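*Asks:* With the sequence up front, the predicted model follows.
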Amino acid sequence: MPIKIPRHLPAKEILEEENIFVMDEERATSQEIRPLNILILNLMPEKEKTEAQLLRFLGNTPIQVNISFLGLSTHESKNTSKFHLNQFYNSFEEIRSKKYDGMIITGAPVEKMDFQDVNYWDELKDIMDWSNENVTSTLHICWGAQAALYHHYGIDKYELPKKCFGIYKHKVLEPNENLVRGFDDYFLAPHSRYTDIDFQKLVNHPELKILAQSDKAGVLIAASRDSKRIMVTGHFEYDAGTLGDEYNRDIGRGIETRLPENYFPDNDPSKTPLHRWKSHCSLMFSNWLNYYVYQSTPYDWD
């Protein structure tokens, strides 16, 4: 089934070329079904790339999904045009009175900062609090996951001695949990972050459970026991070339950086990396939409 997105969103052409089933508002209104309404709070700097990455997997399920994008009023994006933001993004005030079946809060390049020093932290807290009563299930990614763990559960992050950067092997710890249904016992996923969360604090928190972790990269997936919140500390949604783009960007800026681990074939940056985590990413998004959103959300929010 398709995802419904704004008619002229640039990601639409990219997804159609990849044979991802999308439709615009005009076609969707002719279908008499109850689609899922998913809100995406996109905090990543290159918003159009992130849009395509997320929509690629949200569109690969049997469920019709209406997509809305949320922007922040207290932060001005430097890497995305105002025209794009004004055309496709809503403010929090514009959507505050609405209900959503699911929500995604992305990562953001602010992880070395204390949460309180992030200029949009107060607005983000309001949004996360609002989601408690107005969203069936929220998927938090990377820094968004750390923000949720800190705000909702008081678990802070800490800075790593070196950046966690590469493709790592993870073990499923809760094989009967629906989010990882169909996963292999071990699977790969990308990480790109300078901070981490305390494994023992997660283990000891009565409202949380750890679904997957890596010996090298730490916790990848945690969830609240009521399924309202999913926290993914890595970047399942990344394209095959995203870590390479980040590596080349930092090298171009004169930032000392090492090769992403287990990423380039033979550790040779001239070789094209393989997309070795795509199937598990697709499965995770499908499981989230099915078991945590579609199977749980009310048919009529009113």
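*Replies:* That came through fine. Numbering: from 1, shown residues only.

*Asks:* Residue 14 is in what secondary structure piece?
*Replies:* helix 11-17 (DSSP states H and E).

*Asks:* From the contact counts, what lies against that helix?
*Replies:* Here helix 11-17 touches strand 22-23, helix 47-58, going by 3 or more CB pairs under 8 Å, 6 or more residues apart in numbering; DSSP states H and E. All C-beta spots, glycine's among them, are computed from the backbone N, C-alpha and C.

*Asks:* where do the strands sit along the stretch 1-150 of the chain?
*Replies:* Using DSSP state E, counting those that start in this stretch, the strands of the stretch 1-150 of the chain run over 3-4, 22-23, 36-41, 65-70, 89-90, 100-105, 135-141.

*Asks:* Tabulate the helices and strands packed on helix 11-17 (a markdown table), appending mean pLDDT and mean neighbour count.
*Replies:* Below are the helices and strands packed on helix 11-17 laid out as a markdown table (pLDDT from 0 to 100; neighbours: other CB atoms under 10 Å):
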| stretch | mean pLDDT | mean neighbour count |
| --- | --- | --- |
| strand 22-23 | 60 | 22 |
| helix 47-58 | 94 | 22 |
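
*Asks:* ok, and the closest non-adjacent residue to residue 162?
*Replies:* Beyond its immediate neighbours in the sequence, the residue positioned closest to residue 162 (CB to CB, 6 or more residues apart in numbering) is residue 258, lying 7.5 Å away.

*Asks:* coming back round to it: which outside residues touch the helix holding residue 14?
*Replies:* 5, 6, 22, 24, 48, 51, 52, 55, 56, 59 (CB atoms under 8 Å, 6 or more residues apart in numbering).

*Asks:* again, only this time at 7 Å
*Replies:* 5, 22, 48, 51, 52, 55, 56, 59 (CB atoms under 7 Å, 6 or more residues apart in numbering).

*Asks:* worst-scoring helix or strand of this protein, pLDDT-wise?
*Replies:* Lowest by mean pLDDT, DSSP states H and E among the helices and strands of the chain is helix 25-28, with a mean of 52.

*Asks:* out of the contacts of helix 11-17, which one sits closest to residue 143?
*Replies:* residue 51 (17.5 Å; CB to CB).

*Asks:* what's near enough to touch the closest one?
*Replies:* 9, 11, 42.

*Asks:* can you redo those as TSV with neighbour count?
*Replies:* TSV is the format used below for the contacts of residue 51 (neighbours: other CB atoms under 10 Å):
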residue	neighbour count
9	21
11	25
42	25
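
*Asks:* I'd like those laid out as a markdown table, including distance to residue 161.
*Replies:* Listed next are the contacts of residue 51 as a markdown table, based on distance: CB to CB, whole Å:
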| residue | distance to residue 161 |
| --- | --- |
| 9 | 40 |
| 11 | 37 |
| 42 | 30 |
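
*Asks:* Closest to residue 139 out of these?
*Replies:* residue 42 (12.7 Å).

*Asks:* from memory the closest one sits against residue 69, does it?
*Replies:* Yes - using CB atoms under 7 Å, residue 42 is in contact with residue 69, at 6.0 Å.

*Asks:* returning to what we had before: flag whichever of the contacts of residue 51 scores worst on pLDDT.
*Replies:* Minimum pLDDT for the contacts of residue 51 is recorded at residue 11 (77).

*Asks:* what's the distance between the nearest residue to residue 75 once chain neighbours are set aside and residue 110?
*Replies:* Nearest non-adjacent residue to residue 75, counting by CB to CB, 6+ apart: residue 120, 4.2 Å away. Counting by CB to CB, to the nearest Å, the gap from residue 120 to residue 110 is 9 Å.

*Asks:* same check, this time on residue 273
*Replies:* 26 Å.

*Asks:* Repeat that for residue 5.
*Replies:* Taking CB to CB, one finds residue 5 at 27 Å from residue 110.

*Asks:* which intervals of the chain have sub-threshold pLDDT?
*Replies:* Residue ranges of the chain with pLDDT under 70: 1-4, 15, 18-33, 301.

*Asks:* and the longest helix for it?
*Replies:* Scanning the chain for the helix with the most residues, using DSSP state H, yields helix 121-134.

*Asks:* other SSEs contacting that one?
*Replies:* The contact analysis (3 or more CB pairs under 7 Å, 6 or more residues apart in numbering; DSSP states H and E) places helix 121-134 against helix 92-95, helix 143-153.

*Asks:* Pull out the buried residues from it.
*Replies:* For helix 121-134, the neighbour count (16 or more other CB atoms under 10 Å) marks 121, 123, 124, 125, 127, 128, 131, 134 as buried.

*Asks:* With stretch 197-217 instead?
*Replies:* Neighbour counts over stretch 197-217 (16+ other CB under 10 Å) mark 197, 202, 205, 208, 209, 210, 211, 212, 213, 214, 217 as buried.
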